[in-house]
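Student: with the input below, show me the fold.
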Amino acid sequence: MKSIHSKVQEKSIPLGALAPLSKILIEKGIDPWPLFNQFGIKEEDFKNNLMPVPIHIHGEIHQIAKELTGCDHLGLLIGQRANLSNTGPLRFLVLNAASMRDALESLFHYGRLWYRGLHLTLNEDQGYAGVRMAIEGNAPEKELLQTAYLVATVLIMELILGKSWRPTLVRISYPKPKSAHLYEKFFKCPVWFGQSQHEMLFPQSQLDQKRTGHDDQLDNFLRSHLSELHSHKSIELETQVCQVIEELLPHGICTVQKVSEFFSIHRFTLYRYLNDQKTNFESLLDQTRKNKACKLLENPELSVLDIANQLGYEAQGNFTRAFKRWYGLSPREWRKRCIDF
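Tutor: Numbering: from 1, shown residues only. Next comes the predicted model:
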């Protein structure tokens, strides 16, 4: 039977990608945390900058931010503050690339580990290379996000080819804004609005220019590590759902609706796919809590109430009843036996 994984992909962007937006809001005299808190995002969550957040949540946050600021070039500002810190070890592979082509191919291929649903493609035609940016689905402010990532890609290419590098032409899919001159000021080239896609063009010959300082040994090590990470991502939906559940539990927002949002599907569709694998959301939620409970109880610094909260229970009593159902003991009794043992 065809793998469920090939039917449903988790469409998300790292939480850390929201950090530039928070700084922009603060500069404009707007407290970003009431906005982020609407979506269950707290300031301490940014310590885990690679935590996946559904693309449509990113879109909704940027939609509200655009309304709050009245800024028609928010994507441009966000992209200018972006960096490679939200791409794990990929940033070292890109910066160590032997050529622009190697850097872009690595970015496109391995970037999907963290930026799922974001697609970059390289096209070559009549002496020009074109990098196209697209986001799957109908996320709010999708074009704003595409602008931010197109700008970020320009900055990455600048790191590779030097500060003076700029594209020959940039295409933007939305109508020309009042701030169009700011786009041309940043890109330092003609910018065409109202186009069919987000794209930047530059001389094809630049793709294969050799770079100094390339380390073959480091390149091989990083590719091996990233390939291993990539292979671990090719897993069944059941495992993916459990991973998302574990991420959401400490935030108290682990519902089938929230989990289905990570895969950009309706909750009934998620139920159907899980049913095909002879399971359901409630069973996976219960099993994930059961597995995590014992690991947390091994930490003597965590109270039973702390653990109940980390497992997403509204009350300690609910956790205690569930634990007795799983193991026939209360959490405190289980912990005491482990200590005595």
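Student: shouldn't Phe221 be within a strand?
Tutor: No - per DSSP: H, G, I helix; E, B strand; the rest coil, Phe221 lies outside any strand segment and is helix.
Student: confidence score at it?
Tutor: Looking at Phe221, its pLDDT is 83.
Student: now Lys210
Tutor: 88.
Student: what about it, neighbour count?
Tutor: 9 (other C-beta atoms under 10 Å). C-betas here are computed from N, CA, C, even on glycine.
Student: got phi/psi on it?
Tutor: Backbone geometry at Lys210, expressed as degrees, to the nearest 10, gives phi -80, psi 140.
Student: likewise for Cys189?
Tutor: Torsion angles, degrees, to the nearest 10, at Cys189: phi -160, psi 170.
Student: next up, the contacts around it.
Tutor: Going by C-beta atoms under 8 Å, 6 or more residues apart in numbering, Cys189 touches Arg166, Pro167, Thr168, Leu169, Val170.
Student: most neighbours, which of the residues you listed?
Tutor: Counting by other C-beta under 10 Å, top hit in those: Val170 with 26 neighbours.
Student: A strand includes that residue, no?
Tutor: Yes - membership of Val170 in a strand is supported by three-state DSSP.
Student: which other helices and strands contact the helix-or-strand element of the chain with minimal mean pLDDT?
Tutor: Taking mean pLDDT, DSSP states H and E as the measure, helix 216-233 is the helix or strand of the chain with the lowest mean score, a mean of 78. Contact partners of helix 216-233 among helices and strands, from 3 or more C-beta pairs under 8 Å, 6 or more residues apart in numbering; DSSP states H and E: helix 90-95, helix 100-110.
Student: give me the low-pLDDT residue ranges for the stretch 101-250 of the chain?
Tutor: For the stretch 101-250 of the chain, applying pLDDT under 70 flags the ranges 230-236.
Student: where along it do the strands fall?
Tutor: Taking DSSP state E, counting those that start in this stretch as the test, the strands found in the stretch 101-250 of the chain are 118-125, 128-135, 169-171, 191-192, 198-203.
Student: packing partners for the fourth one?
Tutor: Counting contacts by 3+ C-beta pairs under 8 Å, 6+ apart, strand 191-192 packs against strand 169-171, helix 180-187.
Student: which ones are touching the nearest residue to His73 once chain neighbours are set aside?
Tutor: In space, and not counting its chain neighbours, His73 is closest to Ser179: 4.2 Å by C-beta to C-beta, 6 or more residues apart in numbering. Ser179 is in contact with Asp72, His73, Leu76, counting by C-beta under 8 Å, 6+ apart.
Student: let's see 10 Å
Tutor: Cys71, Asp72, His73, Leu74, Leu76, Leu77, Lys185 (C-beta atoms under 10 Å, 6 or more residues apart in numbering).
Student: try Ile160
Tutor: Contacts of Ile160 by C-beta under 10 Å, 6+ apart are Val94, Leu95, Asn96, Ala97, Ser99, Met100, Asp102, Ala103, Leu104, Gln206, Gln209, Arg211.
Student: now, which of those residues sits nearest Phe262?
Tutor: Ranked by distance to Phe262 (C-beta to C-beta), the contacts of Ile160 are led by Val94 at 26.1 Å.
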